[in-house]
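K.L.:
below is the sequence, then the predicted model.
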Amino acid sequence: MNIGLLGFGVVGKGVYEITQQRSDMQVTHVLCLEDIQLPDAKVAKDFREILDDETVDTVVEAMGGLHPAYEFVKAAIEAGKNVVTSNKALVCTFYDELIPLAKEKGVSFRSTAAVGGGIGWLSELERARRVQKLQQVGGIMNGTCNYILDNMTRLGLDYSVVLKQAQQLGYAEANPSTDVDGIDTWHKVILSANIAFGVTVDKETVPVAGISRITAEDVANFKAHGRICKLISTGKCVDGVYSVYVQPTLVKDGEPEAAVPMNYNLITFIGEISGRMSFFGQGAGRYPTAYNVVQDLVDVLEGKSFYAPYGQKVSADNSEKLCYYIRGGKGLPAPATEIWGNAAITDRVSVSAVHAWLKQNPEAFIAAL
């Protein structure tokens, strides 16, 4: 296998180093705008050098972002090259286009590292759905948010203090909104639901709420009631009805999710035969993520294409009713049943109704119980 590697940052360098140790694959070209020299690969500043080289049979996209990653990946598929990517935003956003295109061109397209970093989550969904119907997927999918919430809970620090720590450690970007507003998790749960249920979930019907409004007072309230806050993603398929959403959630102290520390992930599926199966590990980092990219390259060598058939487009229903912790905003989306400090616990109300209310009250903080 001759690989054209797009990007030579954290993940790209990891992929290059791991493949150097193998005899069945080699990075022959690297797209990089910096002036670097590699002993065994051509360094290109123009993607056409890789695209037009017929000896390159596989492209690894490790650039991130939507553009020009989308244009490069689409062109590679159209040229008959296999593609492996760790870019969850790319795969989620262009799922409708790239998956059918790869099938039409007869090439492999894999993205295991896009969800869970070093956890082989999407490949496990692939294996699980061969022998059973999957009923639910989700969990803790963002290490940055988990790091912030874990440190707020353990140390009693305010959000802004922990966010600054996360940025200094490289867990959070200078502009952390993709993580803390739940967008990263939103991409991941949509992609997971698509593969688990064999459908294409309409992204516009999947609501998301993040953690940027949480305070130390909220965390103290949770601890006083034996609860711990985590950013939880949920995808469900019950009798052909789909629910997919992302929101802060209060889990009971002692539950598996409550114990997930620092920047780790805990992702779960529930199958009609297997029951609950959970996967714990680092959700990011050079070698954990690059490891799964190379696992995908091995799968491509073995002829594996995408994880699931491209499925019909469906809307998320989200009529499931839950109780919510709500602080701030005007009024409540449902009657209050308890008061926790400056916040209220609501009666059961649909997920869709709460998220609609939150759009009108963006200064509020919500967490499902």
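P.N.:
Yep, that arrived. Numbers count the residues shown, from 1 in each chain.

K.L.:
quick one: mean pLDDT for stretch 65-79?
P.N.:
Mean per-residue pLDDT for stretch 65-79: 97.

K.L.:
buried ones in that stretch?
P.N.:
For stretch 65-79, burial by neighbour count (16 or more other C-beta atoms under 10 Å) applies to 69, 70, 72, 73, 74, 75, 76, 77, 79. For the C-beta atoms, the positions are set from N, CA and C on the backbone; glycine is no exception.

K.L.:
so which elements touch the host helix or strand of residue 100?
P.N.:
Under the criterion of DSSP states H and E, residue 100 resides in helix 95-105. When contacts are defined as 3 or more C-beta pairs under 8 Å, 6 or more residues apart in numbering; DSSP states H and E, helix 95-105 sits against helix 69-78, strand 109-110, helix 183-197.

K.L.:
in CSV: the ones you listed, plus distance to residue 314.
P.N.:
What follows is these, written out as CSV (distance: least, C-beta to C-beta, whole Å):
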stretch, distance to residue 314
helix 69-78, 23
strand 109-110, 21
helix 183-197, 8
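
K.L.:
of these, which approaches residue 166 most closely?
P.N.:
Across these, the minimum distance to residue 166, taken as C-beta to C-beta, is reached by helix 183-197, at 13.4 Å.

K.L.:
now the element after the closest one, going C-ward?
P.N.:
strand 200-201.

K.L.:
give me the contact list for that following strand.
P.N.:
Strand 200-201 is touched from outside by 95-96, 190, 193-194, 235, 242, 244, 310-316, with contacts defined as C-beta atoms under 8 Å, 6 or more residues apart in numbering.

K.L.:
what separates that strand from the chain centre, distance-wise?
P.N.:
From the chain centre to the centre of strand 200-201 is a distance of 15 Å (C-alpha atoms, centre = their mean, to the nearest Å).

K.L.:
correct me, but residue 363 touches residue 330?
P.N.:
No. Using C-beta atoms under 8 Å, residue 363 is not in contact with residue 330; the gap is 9.5 Å.

K.L.:
and which of the buried residues of stretch 65-79 is nearest to residue 13?
P.N.:
Ranked by distance to residue 13 (C-beta to C-beta), these are led by residue 69 at 17.3 Å.

K.L.:
could you dump the buried residues of stretch 65-79 into TSV with distance to residue 210 added?
P.N.:
Supplementary listing: those in TSV, determined by distance: C-beta to C-beta, whole Å:
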residue	distance to residue 210
69	24
70	25
72	30
73	28
74	30
75	34
76	33
77	33
79	38
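
K.L.:
so which of the helices and strands packed on helix 95-105 is nearest residue 335?
P.N.:
With C-beta to C-beta as the measure, helix 183-197 is the member of these nearest residue 335 (29.1 Å).

K.L.:
could you check the angle the closest one makes with helix 95-105?
P.N.:
Calculated by axes from the mean of the first three to the mean of the last three C-alpha atoms, to 10 degrees, helix 183-197 forms an angle of 50 degrees with helix 95-105.

K.L.:
from here on, call the first residue 57.
P.N.:
All right, first residue 57 from here; so that's helix 239-253.

K.L.:
can you tell me which helices and strands helix 239-253 packs against?
P.N.:
Applying 3+ C-beta pairs under 8 Å, 6+ apart, one finds that helix 239-253 makes contact with helix 144-149, helix 151-161, helix 177-184, strand 190-196, strand 256-257, strand 283-294, strand 297-308.

K.L.:
which one, of the ones you listed, ends up nearest to residue 349?
P.N.:
Nearest of those to residue 349, taken as C-beta to C-beta: helix 177-184 at 11.8 Å.

K.L.:
give the buried residues for the helix holding residue 156.
P.N.:
By 16+ other C-beta under 10 Å, the buried positions in helix 151-161 come out as 151, 154, 155, 157, 158.

K.L.:
show me what contacts the residue nearest in space to the middle of the chain?
P.N.:
Using C-alpha atoms, centre = their mean, the residue of the chain that lies closest to the mean C-alpha position is residue 244, 2.8 Å off. Contact analysis of residue 244 by C-beta under 8 Å, 6+ apart lists 144, 148, 170, 171, 172, 197, 198, 289.

K.L.:
put together JSON lines for the residues you listed, with distance to residue 342 and pLDDT on each row.
P.N.:
Converted to JSON lines, these look like this (distance: C-beta to C-beta, whole Å; pLDDT from 0 to 100):
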{"residue": "144", "distance to residue 342": "17", "pLDDT": "96"}
{"residue": "148", "distance to residue 342": "23", "pLDDT": "96"}
{"residue": "170", "distance to residue 342": "16", "pLDDT": "96"}
{"residue": "171", "distance to residue 342": "17", "pLDDT": "96"}
{"residue": "172", "distance to residue 342": "15", "pLDDT": "93"}
{"residue": "197", "distance to residue 342": "19", "pLDDT": "97"}
{"residue": "198", "distance to residue 342": "18", "pLDDT": "95"}
{"residue": "289", "distance to residue 342": "24", "pLDDT": "98"}
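
K.L.:
where's residue 324 relative to residue 291, distance?
P.N.:
As judged by C-beta to C-beta, to the nearest Å, residue 324 and residue 291 stand 11 Å apart.

K.L.:
what sits in contact with each of these two?
P.N.:
Common neighbours of residue 324 and residue 291 (criterion: C-beta under 8 Å, 6+ apart): 192, 193, 194.

K.L.:
of these, which is the most crowded?
P.N.:
Compared across the shared contacts of residue 324 and residue 291, residue 193 has the highest neighbour count, 30 neighbours, by other C-beta atoms under 10 Å.
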